[in-house]
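**Student:** A predicted structure for the sequence below; I have some questions about it.
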Amino acid sequence: MQETLEKILQTYHESEGNVISLLQEIEESFGYLPEDAINWFSEQLDIPPSRFYGIATFYAQFHLKPRGENIITACCGTACHVKGAEKLINSLMRELQIPSGEDTSEDRKFTVEKVNCVGACSIAPVVIINKEVHGKMTADRLMKEIRKIK
Amino acid sequence: MAMQEGSIVVKVCMGTGGIAAGGAAVVSAFREEFESAGVRASVEKNCSVHNVGCRGFCARDVLVDVIVGGEKTTYEYIKSDMVPRIVEEHILQGRPIEEWVVKEDYHTFHEKQVKVVLSDCGEVDPEDIESYVSRGGYSALEKVLATMTPEETIGLIKDSGLRGRGGAGFPAGLKWEFARKAAGEPKYLICNADEGDPGAFMDRSIIEGNPHSVIEGMVIGAYAIGARKGYVYIRAEYPLAVERLKIALDQARRRRVLGDDIGGRGFDFDIRIKLGAGAFVCGEETALIASIEGNRGMPRAKPPFPAQKGLWGKPTVINNVETLANVPYIVRNGAGWFAQFGTEKSKGTKVFALTGKVKNSGLIEVPLGISLREIIYDIGGGIEGGRRLKAVQTGGPSGGCITNEMIDIAVDYESLAKAGSIVGSGGMVVMDETDCMVNIAKYFLEFTQAESCGKCVPCRIGTKRLLEILQRITDGRGRPGDVELLEKLSNDVRSASLCGLGQTAPNPVLSTLRYFRNEYEAHIHEKRCPAGVCKNLLTYSILEEFCKGCTMCARVCPAGAIVGEKKKPHKIIEEICVKCGACFEICKFKAVKKG
């Protein structure tokens, strides 16, 4: 971990970065923002951790808890909404047994997240499974895709 | 990618839609075929395969153009396993495969469109600067630097009547003039690519399809206002657009149309990419600036406007992607040419993302002032499944809806505003009789409530209360007086909020109340959802006379709420039913009743 942190710090200095780009680097490296990492940077840069948390909780991109091995992103844009995104999400939550109010399964194999719009509205509803975009999704096809990686 | 006589060019749509439909596999299938010895020997000519950006009609992806000796054939729904036959029959034997060629509606989809910004999208290879240059790219920049003063450049854009395409429609030339005249150095130019409206993808497609047009527009804008440094603030949710923009910036620097001493004419300007971290409010100018500075993206009161005090307190112009992408075409063809499209006050063309329950969904570019009917029926091909049009939502969460009765309305800034909606960034979501308007209003409020930055009270608390009222109405707990309460609260939030987000957040509520008040009343007084959408107001039951006892419904029911013997009518146990609708969808005999 230390090595990664040092490297991020170096890019931060070299590229006249700011707190957001720093957090983006941490998120990119670890998949979330580990508390230890934040505290370490706080000390190195003499910026209070509260500032990091203030920014991290403001933007949707940052996560304070570790996420699942497989990330399933359901688009909730308007076009996807009218084409039944909510049904897809409900069936995902049931299939993966993710407790209500949570987004990650207990074995940390799956995280289901909603995004506002991925801008692929003409192939709505859209689900992104591990960065691969699937358009015109149906509950049936979605379950088949999920069972492939389950 | 210049066309040579006798050459064979294949263009494969590789926008997000194209890739999702398997575009990459189609490209490599063509490459493999062309590599195979037999084909090479018989073609003996220049054969090339190109990725091109979005051509709008994503519903038909993967779209493939095969151009043999200047003769273009467009195929739709192409998969990689269809490629060998195309190469064999069309390219080698010269017989296009009729049954895979696009049908009549592909042409009607394009007929009423006028392409300015999108004219090169789907034609140029977005990862190859030469391809843009061969179609006149960067000639506008050359013209500006060689023959025009910054003031003349601003004058030209003012004369063209170009207005901001991001939402508010502020005249672009005027904005540039303010920044030009403002005191303070250095000045900045920011391209706003934080396309946050759900249901909109104009900016993504432009950057994915023709990133150089945006870069050229930015360099011209920077020259006009006197900026040395620019930023593209782009959503991290658009990885492909970011990637293509990076490639384009590198190529532009190497070609010296970006960086120091551009074109050898002593003008310096460079562009950096800033990735947005996911906050809708950052589309607001002052919030966007706060975000680039590395802070929470919260707006501040205006004035001072960014043109006076923007990034790091310096004069800053923020233009939307589509606005900037128009600039090179206006410079190349003249202000008068651009102004011939559109209406008196809304000049030029606008790109819309036409989606929802319309047959031909996709990206379209039309002259402002076109009627909504032409968009939905001529370009869009009408409503899916032969159902009836109910409303068209324009302008996303800041906009409103246009009803079926108003379908002949002219689509321009003024007419839509009069109808209680906005052009906005260009999202156009078509809804039919199976969509509940109260649910749609709730959907948008969920969005704005979650995205409210929390700085000012009317927006933070007002949107929360609005959402709570809508929630209880759709849950069947609506109270008499709720409609009036929604109206009053909406007006308060609208007039008292700090920034555009809060000021426009009640629009979807006000607009649906104005046109669909009876739906609200049905929810509140009769505890009924006329469109059959709101879950808590629905019950599912099986019509005995139609049920054949095929057991399909019992098998798909996730809750085990359906019981019955094989070949005998089944029954839904209401207490266990989770109202997911799976039985309703699977039943072939229309025996499941929703209502």
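**Tutor:** That came through, no problem.
**Student:** CA only for contacts and neighbour counts going forward, please
**Tutor:** Will do.
**Student:** Phi first, then psi, for the residue lying closest to A:E25 once chain neighbours are set aside.
**Tutor:** Closest residue to A:E25 apart from its sequence neighbours, by Cα to Cα, 6 or more residues apart in numbering or on different chains: A:I8 at 6.6 Å. With angles defined as degrees, to the nearest 10, A:I8 sits at phi -60, psi -40.
**Student:** Would you mind listing the buried residues in stretch A:86-97?
**Tutor:** A:E86, A:K87, A:L88, A:I89, A:S91, A:L92, A:M93, A:L96 (16 or more other Cα atoms under 10 Å in any protein chain shown).
**Student:** coming back round to it: burial check on the residue nearest to A:E25, number of neighbours?
**Tutor:** Neighbourhood size, A:I8 [other Cα atoms under 10 Å in any protein chain shown]: 19.
**Student:** Also B:M148?
**Tutor:** Neighbour count for B:M148, taken as other Cα under 10 Å: 14.
**Student:** What confidence value was assigned to it?
**Tutor:** As predicted, B:M148 sits at a pLDDT of 97.
**Student:** Just the C-alphas of the strand or helix carrying B:E365, formatted as PDB.
**Tutor:** Secondary structure assignment for B:E365, by DSSP states H and E: strand B:362-367. Extracted as PDB, the C-alpha positions of strand B:362-367 are listed here (Å, rounded to 0.1, in the frame of the first residue of the first chain):
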ATOM      1  CA  GLY B 362     -31.200   8.000 -31.700                       C
ATOM      2  CA  LEU B 363     -29.300  11.200 -32.100                       C
ATOM      3  CA  ILE B 364     -30.900  13.700 -34.500                       C
ATOM      4  CA  GLU B 365     -30.000  17.200 -35.700                       C
ATOM      5  CA  VAL B 366     -32.800  19.500 -36.900                       C
ATOM      6  CA  PRO B 367     -33.200  23.100 -37.700                       C
END
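**Student:** Which strands border that strand, and is each parallel or antiparallel?
**Tutor:** strand B:349-356 (antiparallel) (DSSP bridges).
**Student:** In three-state terms, label B:K229 for me.
**Tutor:** With DSSP: H, G, I helix; E, B strand; the rest coil as the basis, B:K229 sits in strand.
**Student:** residues touching B:C47, list them.
**Tutor:** B:C47 is in contact with B:S7, B:I8, B:V9, B:V10, B:F34, counting by Cα atoms under 8 Å, 6 or more residues apart in numbering or on different chains.
**Student:** For the first one, give its distance to B:A591.
**Tutor:** Remark: distance between B:S7 and B:A591 (Cα to Cα, to the nearest Å) = 58 Å.
**Student:** The two: which is more packed in?
**Tutor:** Between B:S7 and B:A591, counting by other Cα under 10 Å, B:A591 is the more crowded of the two (21 against 17).
**Student:** The more buried one touches B:I542, doesn't it?
**Tutor:** Yes. With contact defined as Cα atoms under 8 Å, B:A591 counts as touching B:I542 (5.6 Å).
**Student:** check contacts around the closest residue to B:K535 other than its chain neighbours.
**Tutor:** Nearest residue to B:K535 in three dimensions, chain neighbours excluded: B:K579, at 6.5 Å (Cα to Cα, 6+ apart). If a contact means Cα under 8 Å, 6+ apart, then B:K579 has B:K535, B:L538, B:T539, B:Y540 as its contacts.
**Student:** For the second one, which non-adjacent residue is spatially closest?
**Tutor:** Using Cα to Cα, 6+ apart and skipping residues adjacent in sequence, the residue nearest B:L538 is B:G595, 5.2 Å away.
**Student:** number of nearby residues for the one you found?
**Tutor:** Per other Cα under 10 Å, the neighbour tally for B:G595 reads 15.
**Student:** so who does it touch?
**Tutor:** B:G595 neighbours (Cα under 8 Å, 6+ apart): B:G532, B:L537, B:L538, B:T539, B:Y540.
**Student:** so where's chain B uncertain?
**Tutor:** The model of chain B has pLDDT under 70 over residues B:1-6, B:37-38, B:40-46.
**Student:** domain ranges for it?
**Tutor:** Domains of chain B are assigned by automatic domain parsing as B:8-102, B:129-339, B:349-432, B:437-525, B:539-594.
**Student:** Which of these sits closest to A:E69?
**Tutor:** Nearest of the domains of chain B to A:E69, taken as Cα to Cα: domain B:129-339 at 19.2 Å.
**Student:** Which pair of the contacts of B:C47 spans the longest distance?
**Tutor:** Using Cα to Cα, the pair of the contacts of B:C47 lying farthest apart is B:S7 and B:F34, separated by 13.1 Å.
**Student:** got a list of what residue 121 touches?
**Tutor:** Picking chain A for this. A:C121 makes contact with A:G77, A:A79, A:C80, B:G199, B:A200, B:F201, B:A353, B:T355, B:G356, B:G362, according to Cα under 8 Å, 6+ apart.
**Student:** wrong one, chain B
**Tutor:** B:V52, B:G53, B:C54, B:R55, B:I206, B:G209, B:N210.
**Student:** List the contacts of residue 129.
**Tutor:** All of this refers to chain A. The contact partners of A:I129, taken as Cα under 8 Å, 6+ apart, are A:N70, A:I71, A:I72, A:T73.
**Student:** nope, chain B please
**Tutor:** Residues near B:I129 by Cα under 8 Å, 6+ apart: B:H212, B:A248, B:Q251, B:A252.
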